[in-house]
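Q: Below: sequence and its predicted model.
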Amino acid sequence: MLNRIARGARVSRALTKTARAAPSSSSWIASTPSRAYASSSWAAQHILTAVPSSPSDPIKYSNAFDHAAKFEAMLGKSNVITDAFDMDKYRHDWKRNFFGGSLVVTPTSTEQVQEVMKYCSAHQIGVVVQGGNTGLVGGAVGTDRGELILSMEKMNKILSIDPNTATVICEAGCILEVLNSAVNEHGFMIPLDLGPKGSCQIGGNISTNAGGLRVVRYGSLQSNVLGLEVVQADGEKLDMLRTLYKDNTGYHLKHLFIGAEGTLGVVTKIAMRLAVTPKSSAVVFSKIPSFLTIPNVLRAARDILGPNLSAFEFIDSRCIAAIRQASPHLLHRVSETVLPENDVAFLAQHPEQQLAADHPEYGLPGEVSLLVEATGTDPETDAMKLEKFVGHLMENNLVVDAVMAQDKSQETALWLVREQCAVALIDVSRPLVPVVDAATGQADGDKVQCGYMFKFDLSLPLTVMPSVLAETMVTLQEKHGFHVLPLSHHRHGAAAPQKYATTLEFCNYGHVGDQNLHLNIHMRTPCRPLPATSVGDDAEREFEVLAPLGVAQAKTWTFAEYSHAIHHLIDDVLYHAVLKHRGSVSAEHGIGQEKIAALNMSRSSTELALMRAVKLSLDPQRILNPGKML
């Protein structure tokens, strides 16, 4: 059982409670991006994108599908996918926000990638390089340019593991978890850990400069990449595949391709530095009294745990509530004493606890959970450090309660709570919920609450995160009229929202140890169903928004259109606050299709001009990942 760490004692008997049962909900799904589309043609016409690509692209691209026979002759029929059903998983992104690409190829060697690129260069075919397709900004799927999707999934060989130099060389299509298991056998680990490690590929991780859960100890991926092999837009191979820790000979060209999202070249092989697998690990899951307490806890973790600190994650009460609803079994092994009570529900029941607008915690998450991990080489000494850390928190009233995992299975159980946040939030945003009339307590005709989850990936100093969240919530509520949670329940004397108002609920989790906040905004808005546009089991349902806010009132808004417009509005408000505090609008997810406008907001004209010059130098025909980033 998990050891509960109580005030006045180092370790006491474990205390666990069974999580509450998840409430039942309708299985209906709104016609939003997360919906499974009835047909590819429907998806191509109605797919929702958060930020459109360049309004005009003067380059005329050749449709890859028209060249299918040539690619089959080049690669073999088994390495070319032409069937629409089989291509579907490659043409939709993970959130099903973006759709594109007309043909999929799966080369098996660098030489085949070179052939593909030479042919595409000669025939002006756009190429989208795709790894595990787990990205969140539409960077690994096509647009409307008829691109060729170049999947790296069959280039998955581990070429060498050298225990003497602590390095590995592998192909870009290696699954992160598989690669990590292979180096584990030699006493090492990949210094990268992500939620989708079972499906993401190391080449995709390189191309987005993935961050993940342990940047606080090992740094971002680029600091551990020693060399690359890259196929350029014209098919020429750029061999930088070295395993040297030091090499200051000329420009460090490999860094051009790390984080470039496949817009400058195709990464085919990687040489990486490995980390020694820790001999000991310990995980503490705690509840702290306030979001504002996080910097003090982090400072204590760094002071006491030192280099042993390997992860520092936080989860707010609304994320925990989403897990209760979507995956309640994950909380069965976690003590209720370390799970924050849903502050929205609590304040609705206890209005006397609402805060004035000038209160420093106005609009912020209340109690939050922290997951702190420490790893090292001496189990006894490391355990003593962790107990000292928790004892310090207790003595200084920085923590309400804490539990410590006693074995690997318990560590895994605690980590699953954190890793499930993203999926749980998506899951709870999808079902349609009947609108209840406040006067009668009955369903309000055929009206339903349609929901969508907007996801943001921000990097900010811990001390300004509260200001950015509060500024964004206040602007959305005071200027644009949304019912913003938890702000509305925090505010003393707040007026009741108008009937059928759109609700925006802020849900937060993230890698706060490295200043990375994953903000999720759950939009719910009352709608009425419109007549189905087709018949049968796969018929799409569209919905009309009853009381649109923040948009032109003169037109009828479908839910898909409204979601698109509100995403733009939130982008403008949130990113203005982030950039005012010199933060980043993309900490680790990249730019892709979704954040093109955000990139232009956040970089100077001089920086953008230099980026475009690099792009045109390496890809003058602009065939690599067109419509992305620049």
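A: It's in.

Q: where in the stretch 401-550 of the chain is pLDDT low?
A: Across the stretch 401-550 of the chain, the ranges flagged by pLDDT under 70 are 488-497, 533-540.

Q: likewise the chain?
A: Using pLDDT under 70, the chain drops low at 1-57, 344-358, 360, 362-363, 488-497, 533-540.

Q: what bridges to residue 522?
A: residue 453, residue 505 (DSSP bridges).

Q: could you pull out the helices for the stretch 101-250 of the chain?
A: For the stretch 101-250 of the chain, helices defined by DSSP state H, counting those that start in this stretch occupy the ranges 110-123, 176-184, 202-207, 215-218.

Q: Can you list the buried residues in the lengthiest helix in the chain?
A: Ranked by residue count and defined by DSSP state H, the top helix of the chain is helix 559-580. Of all the residues in helix 559-580, those buried under the rule 16 or more other Cβ atoms under 10 Å are 559-571, 573-575, 577-578. Every residue, glycine included, has its C-beta placed from N, CA and C.

Q: residues contacting residue 274?
A: For residue 274, the contact set (Cβ atoms under 8 Å, 6 or more residues apart in numbering) comprises 166, 167, 168, 183, 188, 189, 190, 191.

Q: Looks to me like residue 374 is in a strand.
A: Yes: under DSSP: H, G, I helix; E, B strand; the rest coil, residue 374 sits within a strand.

Q: so which of the helices of the stretch 101-250 of the chain gets nearest residue 132?
A: helix 202-207 (5.7 Å; Cβ to Cβ).

Q: Regarding residue 74, what is its secondary structure?
A: helix.

Q: isn't it right up against residue 111?
A: No: with contact defined as Cβ atoms under 8 Å, residue 74 does not reach residue 111; the gap is 10.7 Å.

Q: quick one: which of the two has more around it?
A: Taking neighbours as other Cβ atoms under 10 Å, residue 74 and residue 111 compare with residue 74 leading, 17 against 12.

Q: Skip the chain neighbours and tell me the closest residue to residue 307.
A: Leaving out its chain neighbours, the residue that sits closest to residue 307 by Cβ to Cβ, 6 or more residues apart in numbering is residue 217, at 7.2 Å.

Q: coming back round to it: as CSV, the contacts of residue 274 with neighbour count and distance to residue 504 would be great.
A: Putting those into CSV (neighbours: other Cβ atoms under 10 Å; distance: Cβ to Cβ, whole Å) gives the following:
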residue, neighbour count, distance to residue 504
166, 18, 47
167, 22, 47
168, 26, 44
183, 22, 43
188, 21, 45
189, 20, 40
190, 26, 38
191, 21, 37
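
Q: Of all pairs in the residues you listed, which one spans the longest distance?
A: Using Cβ to Cβ, the contacts of residue 274 span at most 13.0 Å, a distance reached by 167 and 189.

Q: quick one, what contacts the residue nearest to residue 307?
A: By Cβ under 8 Å, 6+ apart, the contact set of residue 217 is 307, 309, 310, 311, 375.

Q: do residue 616 as well
A: By Cβ under 8 Å, 6+ apart, the residues touching residue 616 are residue 622.

Q: so how far is residue 609 from it?
A: Going from residue 616 to residue 609 by Cβ to Cβ, to the nearest Å gives 11 Å.

Q: Likewise for residue 566?
A: 32 Å.

Q: Pull the contacting residues for the closest residue to residue 213 other than its chain neighbours.
A: Leaving aside its sequence neighbours, residue 213 sits nearest to residue 193 (Cβ to Cβ, 6+ apart; 4.6 Å). Residues in contact with residue 193 (Cβ under 8 Å, 6+ apart) are 212, 213, 214.

Q: The last one: how many residues sit nearby?
A: Okay, so that is residue 214. Residues within reach of residue 214, counting by other Cβ under 10 Å, total 23.

Q: and the nearest residue to residue 278 once chain neighbours are set aside, what are its bridge partners?
A: Counting by Cβ to Cβ, 6+ apart, residue 278 lies nearest to residue 375, which is 3.6 Å off, once chain neighbours are set aside. Residue 375 has the following beta-bridge partners by DSSP bridges: residue 281.

Q: wait, isn't residue 375 in contact with residue 280?
A: Yes: here residue 375 reaches residue 280: they are 6.7 Å apart, a contact under Cβ under 8 Å.

Q: the more surrounded of these two?
A: residue 375 (23 against 16).

Q: how about the more buried one, what does it touch?
A: The contact partners of residue 375, by Cβ under 8 Å, 6+ apart, come to 217, 278, 280, 281, 282, 308, 310, 382.

Q: my guess is the fifth one meets residue 406, correct?
A: So that's residue 282. No: assessed by Cβ under 8 Å, residue 282 is found out of contact with residue 406, at 9.2 Å.

Q: picking that back up, looking at the contacts of residue 274, which one is closest to residue 445?
A: Among these, residue 190 lies closest to residue 445 (Cβ to Cβ), at 54.4 Å.

Q: hang on, isn't that closest one packed against residue 179?
A: Yes: applying Cβ under 8 Å as the test, residue 190 and residue 179 come out as touching, 5.8 Å apart.

Q: which residues do those two both contact?
A: Counting by Cβ under 8 Å, 6+ apart, the common neighbours of residue 190 and residue 179 are 168, 202.

Q: Now the residue positioned nearest the centre of the chain. Nearest residue, chain neighbours left out?
A: Centroid check for the chain by Cα atoms, centre = their mean gives residue 136 as the closest residue, at 5.6 Å. In this structure, residue 136 finds its nearest non-sequential neighbour in residue 589, 4.9 Å apart by Cβ to Cβ, 6+ apart.

Q: Could you report the neighbour count for that neighbour?
A: Close neighbours of residue 589, defined as other Cβ under 10 Å, add up to 21.

Q: quick thing: my sequence starts at 11, can you match it?
A: Got it, the first residue is 11 from now on, which makes the last one we talked about residue 599.

Q: got a list of what it touches?
A: So residue 599 contacts 145, 146, 147, 218, 467, 605 (Cβ under 8 Å, 6+ apart).

Q: send the alpha carbons of the helix or strand hosting the fifth one over as PDB?
A: Applying DSSP states H and E as the criterion places residue 467 in strand 453-469. The C-alpha atoms that make up strand 453-469 are tabulated as PDB, following Å, rounded to 0.1, in the frame of the first residue of the first chain:
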ATOM      1  CA  ALA A 453     -34.600  18.700 -19.700                       C
ATOM      2  CA  ASP A 454     -35.000  21.900 -21.800                       C
ATOM      3  CA  GLY A 455     -36.500  20.300 -24.900                       C
ATOM      4  CA  ASP A 456     -34.000  18.900 -27.300                       C
ATOM      5  CA  LYS A 457     -31.300  21.400 -26.300                       C
ATOM      6  CA  VAL A 458     -27.900  19.900 -25.400                       C
ATOM      7  CA  GLN A 459     -24.500  21.200 -24.100                       C
ATOM      8  CA  CYS A 460     -21.900  20.700 -26.800                       C
ATOM      9  CA  GLY A 461     -18.300  20.600 -25.600                       C
ATOM     10  CA  TYR A 462     -14.800  21.000 -26.900                       C
ATOM     11  CA  MET A 463     -11.400  21.100 -25.200                       C
ATOM     12  CA  PHE A 464      -8.900  23.800 -26.300                       C
ATOM     13  CA  LYS A 465      -5.400  22.800 -25.500                       C
ATOM     14  CA  PHE A 466      -2.500  25.200 -24.900                       C
ATOM     15  CA  ASP A 467       1.200  24.500 -24.300                       C
ATOM     16  CA  LEU A 468       2.800  27.500 -22.500                       C
ATOM     17  CA  SER A 469       6.200  28.200 -21.000                       C
END
